[in-house]
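Student: Have a look at this fold, sequence not included:
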């Protein structure tokens with residue numbers, strides 16, 4: 001029987017733990033031994049920082065989020081402690097580049113294996129996860145799978161200035177603003193790992209990192225960055241406001257208007273299906289500042305939560321992602337200063353398109369993580385459930401289904417990672433992002449449905465997490481561009497590829 005899977009326990013949500021698939025020491029050694037000069041590494045080759053981030057978030061999600069998932073879903077509410085933990089060094093550790101730690105700042109070297117010699121200078125290519133009392137960090141370094149050393153470093157010293165705390169809500173925000181200063185691909189890995197445990201938490205993190213933070217970082221004035229980025233990295237949730245009752249897939253037919261008055265604008269209108277609205281401290285609102293120009297008048301405004309004239313409606317009673325708040329917004333003669341415009345007047349439609357193209361990769365990561373999390377819960381059950389004298393995993397029909405789903409998951413992962421790497425490299429990625437979102441949503445639907453069937457009656461009950469994954473996955477074919485919109489976009493791009 002797989003450890004941690006107790007199907008007869010009274011609290012199945014706690015006992016039904018997803019199986020982790022750790023790499024063997026041989027696989028790790030092979031990965032580290034791969035020649036650095038390889039020009040085309042596999043898509044699942046991660047940098048040391050990315051590996052550390054992924055592993056730390058996996059541990060964080062199991063320890064800090066998993067205990068709340070069932071209750072949050074039942075109550076249709078995100079636990080405040082979960083939100084705080086995402087900001088407050090969400091992985092309960094900090095990520096440091098050792099290249100910023102010099103000999104002068106290593107106060108203690110204590111090799112765990114005395115027969116190995118220790119150097120006071122950590123190699124600059126090493127990365128480390130740190131934890132411990134404020135100001136003093138105990139760092140364990142694994143080098144060539146042979147030696148682990150513990151260094152004690154004062155993080156308040158100027159020489160350790162490269163230290164970066166891991167805020168899961170400010171992954172790509174620069175360290176000068178209190179963010180992690182990491183990469184888009186790291187965001188994708190974080191979203192995937194969070195979604196394995198709870199897709200509702202994953203979408204909160206996804207919107208913050210791939211839409212809100214990116215827009216403010218790329219388009220904000222120095223004043224806007226100084227005001228908002230430190231808060232977005234430490235304690236403020238952001239919300240992206242585009243959809244309306246009459247403008248869903250046809251997003252640029254929006255009716256919310258912004259009328260110019262001297263040095264301020266007055267916004268009137270409403271928005272629908274706004275994620276994170278319940279907890280958001282700032283809203284990026286798309287409104288038309290020049291109705292005669294059509295969609296070319298759409299402008300992005302930064303609206304603080306306490307602005308007079310902003311009304312947040314009740315949460316929608318949704319099928320899935322129930323812990324993630326989705327609300328309607330109303331703007332009633334809402335007055336905002338001209339300096340609240342993000343970017344340029346009339347360029348909002350371009351900003352929205354650009355951000356949603358990247359955001360679709362985030363949603364693909366969410367659907368991928370969701371599907372993998374469901375799969376990791378269900379497969380151990382098939383390995384311990386006995387019928388007709390043998391494990392149900394041993395029936396050929398079951399093996400073929402599991403192998404098929406595993407193949408679909410792997411294909412979805414490669415599509416998602418490829419789109420993310422293309423975006424990060426500054427290469428065209430729109431078609432690949434559409435493919436990743438479309439395919440991962442389809443794979444999530446297939447995977448969750450099959451997992452319920454594999455688990456039989458218990459898979460159909462709320463005592464086990466499988467049915468929640470099934471409910472949560474449906475939104476993947478709808479938000480940030482429906483499946484049909486993805487297919488249409490892909491078709492247009494394919495058509496252009498064959499222009500002579």
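Tutor: Alright, I've got the coordinates. What you are looking at is a predicted structure, and each value in this text was computed from that prediction instead of being measured.

Student: Tell me which residues touch residue 174, please.
Tutor: 181, 217, 229 (CB atoms under 8 Å, 6 or more residues apart in numbering). Where C-beta positions appear, they are placed from N, C-alpha and C, glycine not excepted.

Student: what about 7 Å?
Tutor: residue 181 (CB atoms under 7 Å, 6 or more residues apart in numbering).

Student: same question, residue 331
Tutor: Residues near residue 331 by CB under 7 Å, 6+ apart: 256, 267-270, 309-310.

Student: Mark which of the residues you listed are buried, thanks.
Tutor: Among those, those scoring as buried are 256, 267-270, 310 (criterion: 16 or more other CB atoms under 10 Å).

Student: Among the contacts of residue 331, which ones are in strands?
Tutor: Counting by DSSP state E, the contacts of residue 331 place 267-270, 310 in strands.

Student: So residue 325 is in contact with residue 315, correct?
Tutor: Yes: under the criterion of CB atoms under 7 Å, residue 325 makes contact with residue 315 at 5.2 Å.

Student: which residues do these two both contact?
Tutor: Joint contacts of residue 325 and residue 315 (CB under 7 Å, 6+ apart) are residue 278.

Student: Three-state assignment for residue 328, please.
Tutor: At residue 328 the chain is in strand, as set by DSSP: H, G, I helix; E, B strand; the rest coil.

Student: In contact with the residue lying closest to it once chain neighbours are set aside: list those residues for me.
Tutor: Counting by CB to CB, 6 or more residues apart in numbering, residue 313 is the residue found nearest to residue 328 once chain neighbours are left out, at 3.7 Å. Contacts were defined as CB under 7 Å, 6+ apart; by that measure residue 313 touches 327-330.

Student: Can you add neighbour count and give those residues back as TSV?
Tutor: Below are the contacts of residue 313 laid out as TSV (neighbours: other CB atoms under 10 Å):
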residue	neighbour count
327	20
328	19
329	24
330	15
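
Student: tell me which of the residues you listed is nearest to residue 188?
Tutor: For the contacts of residue 313, the closest approach to residue 188 (CB to CB) belongs to residue 327, at 26.7 Å.

Student: Can you give the strand pairings for whichever strand or helix holds the residue nearest to residue 328, parallel or anti for each?
Tutor: Take DSSP states H and E as the rule and residue 313 turns out to sit in strand 310-315. Sheet pairing for strand 310-315, assigned by DSSP bridges, gives strand 326-337 (antiparallel).

Student: got any ranges where the stretch 1-150 of the chain has weak pLDDT?
Tutor: Scanning the stretch 1-150 of the chain for pLDDT under 70 picks out the ranges 1-39, 89-150.

Student: Kindly report the same for the stretch 201-350 of the chain.
Tutor: For the stretch 201-350 of the chain, no range has pLDDT under 70.

Student: need the strands for it, in chain order.
Tutor: Secondary structure of the stretch 201-350 of the chain (DSSP state E, counting those that start in this stretch): strands located at 237-241, 257-261, 264-275, 280-288, 298-304, 310-315, 326-337, 341-342.

Student: Pull the distance from the fifth one to the chain's centre.
Tutor: If I follow you right, that is strand 298-304. Averaging C-alpha positions (CA atoms, centre = their mean, to the nearest Å) puts strand 298-304 24 Å from its chain's average.

Student: for it, packing partners?
Tutor: strand 280-288, strand 326-337, strand 341-342, helix 348-384 (3 or more CB pairs under 7 Å, 6 or more residues apart in numbering; DSSP states H and E).

Student: what angle sits between the last one and strand 237-241?
Tutor: When axes from the mean of the first three to the mean of the last three CA atoms, to 10 degrees is applied, the directions of helix 348-384 and strand 237-241 differ by 120 degrees.
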